[in-house]
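Asks: what follows is a protein structure lacking sequence information:
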């Protein structure tokens, strides 16, 4: 007798036995209820479906990006904000002229086979040039002119395009930070700087020299100048050298370095010893008081006050009262 036996396995598959099973085999067969066998076509489809991997296995993984640390983000933001890019209004011929700002990064574009000139201030002495990449860049320096007009030039040239590095140029006056980028064909011929801070200092110095050379007052009759003033008291660095008047105004002369430190206010002292602040003008190293006085004091400080007394002598006072 032909029997069709199907044994279910733990894995969900089945073993199919066809034929005349011997009695021993029949007795060993499990007594489980018979299992219906699907047609061959259905079994093949089931096997193929089981062999197919899940659709989720083919889903592409989302790219993983490294998060920038807060410190790196702050540095990148600061560098971007500090970088000065070439401006069409800043070109003088083919030379990009940047206004120099301390701490700024100045961008220079270069190209293979072309030299870009970085011109420093005339009279500026080069200290050193440091580069982040000395293998793929040619960096050198030369000079032009002589004497006070001598000028240092730092020359850069890349070996290929697509490079970027930086330069740190130190001189006897300042430090330059330059970012270098190499392109395929476009290169800046040269770059240089203007120096607004130096120009402001020069203007201030010229104004100070002009003020120092100008007379303290005009229309003074030299024959009417009176120098009979006594200076006494403490010996600070700002102690006046002399005092005089022209009959209308009193002039108090200080050392030339008066403007480098704190200047003392001027008080008039009456016969009862009461001190009162008086108006005066500072003209170079002179205090100009638009009146005459008998006694005045220069006072500076609180706890340890420095006091210098200026007084007209008795004979001068009596002579004026008589006149």
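Replies: In hand now; what should we look at? What you see is a predicted model, and the numbers here were worked out from it, not measured in a lab.
Asks: need the next SSE after the helix or strand in which residue 78 is found, C-terminal direction.
Replies: Counting by DSSP states H and E, the secondary-structure element that holds residue 78 is helix 70-82. Tracing the chain C-terminally past helix 70-82 and defining elements by DSSP H and E, one meets strand 83-84 next.
Asks: what pLDDT, on average, does that following strand get?
Replies: Mean per-residue pLDDT for strand 83-84: 96.
Asks: what count of nearby residues applies to residue 278?
Replies: Applying other C-beta atoms under 10 Å, we find 16 other residues in the vicinity of residue 278. Bear in mind the C-beta positions are built from the backbone N, C-alpha and C, glycine included.
Asks: hmm, back to that, other SSEs contacting the helix holding residue 78?
Replies: Using 3 or more C-beta pairs under 8 Å, 6 or more residues apart in numbering; DSSP states H and E as the contact definition, helix 70-82 packs against no other helix or strand.
Asks: next one: it to chain centre, how far?
Replies: Per C-alpha atoms, centre = their mean, to the nearest Å, the displacement of helix 70-82 from the mean C-alpha position of its chain is 12 Å.
Asks: stretch 232-240 now?
Replies: Using C-alpha atoms, centre = their mean, the distance between the centre of stretch 232-240 and that of its chain works out at 43 Å.
Asks: show residues contacting it.
Replies: For stretch 232-240, the surrounding residues in contact (C-beta atoms under 8 Å, 6 or more residues apart in numbering) are 231, 252-255, 257-258, 261-264, 297-298, 300, 306-311.
Asks: restricted to strands, list the residues you listed.
Replies: By the criterion of DSSP state E, membership of the contacts of stretch 232-240 in strands covers 231, 252, 253, 297, 298, 300, 306, 307, 308, 309, 310, 311.
Asks: just send those back as a markdown table, with neighbour count, pLDDT and distance to residue 181 too.
Replies: Listed next are the ones in strands among the contacts of stretch 232-240 as a markdown table, based on neighbours: other C-beta atoms under 10 Å; pLDDT from 0 to 100; distance: C-beta to C-beta, whole Å:
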| residue | neighbour count | pLDDT | distance to residue 181 |
| --- | --- | --- | --- |
| 231 | 15 | 95 | 66 |
| 252 | 23 | 94 | 61 |
| 253 | 16 | 93 | 60 |
| 297 | 17 | 95 | 66 |
| 298 | 24 | 95 | 61 |
| 300 | 17 | 92 | 57 |
| 306 | 16 | 93 | 60 |
| 307 | 16 | 94 | 65 |
| 308 | 21 | 95 | 63 |
| 309 | 15 | 95 | 69 |
| 310 | 24 | 95 | 67 |
| 311 | 19 | 94 | 73 |
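Asks: out of those, who's nearest residue 164?
Replies: The shortest distance between residue 164 and any of the ones in strands among the contacts of stretch 232-240, using C-beta to C-beta, involves residue 300 and amounts to 57.1 Å.
Asks: distance of the closest one relative to residue 237?
Replies: Distance of residue 300 to residue 237, given as C-beta to C-beta, to the nearest Å: 10 Å.
Asks: what ranges of the stretch 101-250 of the chain fall below the confidence cut-off?
Replies: Within the stretch 101-250 of the chain, the set of residues satisfying pLDDT under 70 comprises 211-219.
Asks: what segments of it are strands?
Replies: With DSSP state E, counting those that start in this stretch applied, the stretch 101-250 of the chain shows strands at 105-110, 116-119, 126-131, 137-144, 151-158, 164-171, 175-182, 190-194, 229-233, 242-245, 250-253, listed in chain order.
Asks: what residues of the third one count as buried?
Replies: The one in question is strand 126-131. Across strand 126-131, burial judged by 16 or more other C-beta atoms under 10 Å covers 129, 131.
Asks: what about it, distance to the chain center?
Replies: Taking the mean C-alpha point of strand 126-131 and that of its whole chain, the gap between them comes to 19 Å (C-alpha atoms, centre = their mean).
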